[in-house]
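Undergrad: I'll drop the sequence and a predicted model, then ask my questions.
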Amino acid sequence: MLLLATLMVSFTACSDDKDEPDDIKSKIIGTWDATSVKFSDSEWIDISNRPNMSLSITFHSDGSYYGRGALGNGRGTYTVSGKTIKTYIDGELYGTYYVKSLDGKNAELSLTMGSSSMEIRAVKR
């Protein structure tokens with residue numbers, strides 16, 4: 001009986017790490033520079049040497065952000081829920097990022113702004 005009780009407690013106390021969402025909120029803090037983009041059916045485009053297509057965003061721990069580049073320059077606020085980051089300007093939704101992967105200093109995201117969307121690969125400074 002004691003062995004059975006111990007096994008039951010052990011199995012219910014453990015969880016599979018795959019069920020836990022990544023801690024996106026703490027991992028995104030800092031400045032991210034886009035290195036390549038992909039539009040709907042196109043191939044990846046390297047934008048690292050294309051100043052007119054440059055994109056960067058800085059996420060602050062207080063829930064504010066600053067974006068600059070081809071999508072505009074400005075600041076606002078953001079929220080994180082699971083793997084979704086929503087950015088706001090003056091309380092209005094500006095863009096929604098879905099984090100496809102985030103590993104140390106590399107990220108791959110999908111960005112939706114209104115009816116437009118694109119894929120972004122970025123590196124953390």
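TA: Everything's here; your move.
Undergrad: tell me which residues in stretch 43-58 are buried?
TA: Going by neighbour count (16 or more other CB atoms under 10 Å), the buried part of stretch 43-58 is 47, 53-58. Bear in mind the C-beta positions are built from the backbone N, C-alpha and C, glycine included.
Undergrad: What sits closest to the most centrally placed residue in the chain if chain neighbours are left out?
TA: By CA atoms, centre = their mean, the chain has its centre lying nearest to residue 99, at 4.1 Å. Excluding its sequence neighbours, the residue lying closest to residue 99 (CB to CB, 6 or more residues apart in numbering) is residue 83, at 4.3 Å.
Undergrad: Equivalent analysis for residue 64, please.
TA: With sequence-adjacent residues excluded and distances taken as CB to CB, 6+ apart, residue 64 is closest to residue 77, at 5.6 Å.
Undergrad: in the sheet, who's paired with the one you found?
TA: Beta-bridge partners of residue 77, counted by DSSP bridges, are residue 64, residue 88.
Undergrad: What's the local residue count around it?
TA: For residue 77, the count of nearby residues is 16 (other CB atoms under 10 Å).
Undergrad: Contact partners for it?
TA: Contacts for residue 77 were tallied using CB atoms under 8 Å, 6 or more residues apart in numbering; they are 63-65, 87-88.
Undergrad: which among the residues you listed end up buried?
TA: When the contacts of residue 77 are checked for burial by 16+ other CB under 10 Å, the buried set is 65, 87.
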